[in-house]
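Chemist: My questions concern the predicted model and sequence given below.
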Amino acid sequence: MSREMAAEPHTHSVGRALAAMAIFVVMLFAALSLWTAIPLSWIWIGSKVSETQFPATGPYIVVAVGIILSILFTAWLLTQLNQLYVRVTGTNRLAPMRPAWMKSMRDSSTPTGTTTVVEAVLMGSVLLAGVVLTFWFFFLAGSPIPNS
């Protein structure tokens with residue numbers, strides 16, 4: 001009986017940790033789609049709606065309204081995923097990420113101003129989008145200056 005009791009909490013905490021990690025990764029991809037997939041998808045859809053290279057106002061409205069509605073849906077999805085993360089972990093805060101060598105001997109043991117999961121996800125997605133844009137700009141875009 002003691003074997004079952006010892007194995008169950010460990011499996012339960014590992015399962016919760018894996019679930020929390022999976023939720024965090026889904027939240028990160030949803031937040032990253034705000035800067036990548038949503039605008040690019042709606043620009044592609046707008047290009048398919050237009051019949052010429054010089055479209056009227058219609059395709060632009062489709063793109064603008066589509067992007068706004070998709071961002072609102074993604075924000076709602078992030079809220080739902082954050083609530084699920086809170087149910088799984090019991091908190092919406094991340095552990096403080098301050099190295100031990102930077103702590104003063106007088107620091108209190110209670111962390112103040114920790115980052116929430118949604119804040120970390122959105123900051124991570126913005127940083128990742130910035131890195132990808134920088135990589136594309138310097139290595140993949142090519143020079144706009146003619147060679148001749």
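Modeler: Received the coordinates, thanks. Being a predicted model, the structure only gives us computed values, none of them experimental. Residues are numbered from 1 along each chain as shown.
Chemist: Flag the shaky bits of this protein, pLDDT-wise.
Modeler: 1-12, 95-100, 102-113, 148 (pLDDT under 70).
Chemist: got the residue ranges for the helices in it?
Modeler: Counting by DSSP state H, the chain has helices at residues 2-33, 37-49, 57-89, 117-135.
Chemist: Among those, which comes closest to A141?
Modeler: Evaluated over those, closeness to A141 peaks at helix 117-135, with 9.7 Å, by Cβ to Cβ. Quick note: C-beta positions are derived from backbone N, CA and C, even for glycine.
Chemist: Show me what counts as buried in the closest one.
Modeler: Across helix 117-135, burial judged by 16 or more other Cβ atoms under 10 Å covers V117, V118, A120, V121, L122, S125.
Chemist: Which residue, other than its chain neighbours, is closest to the third one?
Modeler: For A120, ignoring the flanking residues on the chain, the nearest one in space by Cβ to Cβ, 6 or more residues apart in numbering is L94 at 5.6 Å.
Chemist: pretty sure the one you found is touching M123, no?
Modeler: No - counting by Cβ atoms under 8 Å, L94 sits too far from M123 to count as a contact (11.0 Å).
Chemist: which neighbours do the two share?
Modeler: Counting by Cβ atoms under 8 Å, 6 or more residues apart in numbering, the residues touching both L94 and M123 are T115.
Chemist: where's G90 relative to V62, distance?
Modeler: 43 Å (Cβ to Cβ, to the nearest Å).
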